[in-house]
Structures are given as C-alpha cells and as structure tokens.
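Asker: Sequence plus the predicted model coming up.
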Amino acid sequence: MKKYKVSILMTVYNHQRYVSKSIKSILNQNYKNFELIVINNGSSDNSLDKIKKFKDKRIKIFNLGKNIGRTNCLNFGLKKCNGKYIAIQDSDDISKKNRIVTQVNYLDKNKKITLVGSNYSIIDRKGKIIGFENLKINLTANPKIILFKNIIGHSTVMYRKNVIKFTKGYPSNFVYAQDYAFYLKIISKFKISLLQDNLVSLRLNHTESES
C-alpha cells in the first residue's frame, strides 16, 4: 500500500450541492502525495452518489448508515488517516491549489509547530466571495489570543498526526465547536501557527446541514 504523507479528512452530510467542487479542489492540488478520506455521515440526499463518481485511487470512501454527529464522525475519520500530517476540508469548502504544499513545507521546516491554519476567503452558496479573514497574528508567540475567540477556520488547518495521541481526537462531549475545543487542548502543550497566506474559501450563508 502506498504511503501518503498527508491525509485530508472530509466529513459529508447532505452537501450534494457542494461536495463535488470540494473534492475537485483537493484533486487539483499542486501537492500530490496525499490520501483523501471521505466519510459520508448518513447523508439523506445524493451526496454519496456525487462522491462515488470520482475514480481516483487516493480517495477512500467510508459510508456510515446513519448520522453519528459531527464530532463522532471526525473521530471515526481520524482512525482511517495514515499520513504524517492531517488536513481538514469541510465538504462545502474549497482549497486553493497551493494550500497543501504550502502547509506541508511549513510543517517540514518548523518542527516545533504542531498545527497550522491560514487566512481565508468567505464565499456564499453560489461561490461568490463576500469577505476575507486577513489576520496578522503571531499565534506561536501569543497562543492565548484564541482563548477569547475562535479565529482559526477548521478547513484551513493541518496538524501532525502524532498530536492525536495527546488529544485523543476531538473532545467527544462537544456537539458543536469541537474544533475550538480541539485547538484549546493543543495549545496547552504544543505550539500552533497561523499563515497569512489565503489558502481556502470557506462557505457561509447556506441552509444545508454541516453535521
């Protein structure tokens, strides 16, 4: 079995409108040494059919018979990830072509950093840019900034897989904001960073479920 350096984890629930473009943005990455772990979390729409149309050996599809909740789905997916690094991509978001290579290069060069995020664009349901998150913050020197607000977009993060041994995955007692709770646990022991590069488009303002 081919050993991939990066595992990209995508959980899907009723995102038939967006999941194809989200997957394409990963397959179009300049960086090619990855596996894409797609967990269909009991979708009741045509999301699974959209996912199965892709015939790339790097895509590994896991279909759950029922929705087990966002946190449980993420933790299920983490157990399927084999890469040295894990990147998150929500199934309605879009990664820029240089996202993975930029973050891999950063983590390769900065051994003391465990998790890295980035700035991002905000898009609406039609893909139109409606805003930007351009933060100029040094989280490595000042990680406690995130104690007051979650400023890290979940779809922008990449982290070292070995941190999962410490966090035990995403906190299972959080139905929502599990990513925020995950970051807060990480900064208690490890260093994190926020790249000023705009590497992802995060989709807001739509009614489809994100569970």
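Answerer: Received, thanks. Numbers count the residues shown, from 1 in each chain.
Asker: Only C-alpha atoms from now on, for both contacts and neighbour counts.
Answerer: Will do.
Asker: Kindly state the beta-bridge partners for residue 88.
Answerer: residue 9 (DSSP bridges).
Asker: these two touch, right, it and residue 9?
Answerer: Yes - judged on CA atoms under 8 Å, residue 88 makes contact with residue 9 at a distance of 5.1 Å.
Asker: More neighbours: which of those two?
Answerer: Neighbours per residue (other CA atoms under 10 Å) separate residue 88 from residue 9, with residue 9 holding more: 24 against 20.
Asker: So that one sits against residue 36, correct?
Answerer: Yes - applying CA under 8 Å as the test, residue 9 and residue 36 come out as touching, 6.2 Å apart.
Asker: Pick out the residue nearest the middle of this protein.
Answerer: Centroid-nearest residue in the chain, with CA atoms, centre = their mean: residue 88, separated by 1.4 Å.
Asker: who touches it in this structure?
Answerer: Neighbouring residues of residue 88 by CA atoms under 8 Å, 6 or more residues apart in numbering: 8, 9, 10, 154, 155, 156, 157, 158.
Asker: Leaving out chain neighbours, which residue sits closest to the fifth one?
Answerer: In space, and not counting its chain neighbours, residue 155 is closest to residue 89: 4.6 Å by CA to CA, 6 or more residues apart in numbering.
Asker: per-residue pLDDT, that neighbour?
Answerer: Residue 89 is assigned 98 on the pLDDT scale.
Asker: residue ranges of the strands in the chain, please?
Answerer: In the chain, the strands defined using DSSP state E lie at 6-12, 34-41, 59-64, 85-88, 94-95, 113-123, 129-133, 158-160, 191-203.
Asker: now the last one, how far from the centre of its chain.
Answerer: Counting by CA atoms, centre = their mean, to the nearest Å, strand 191-203 is centred 11 Å from the centre of its parent chain.
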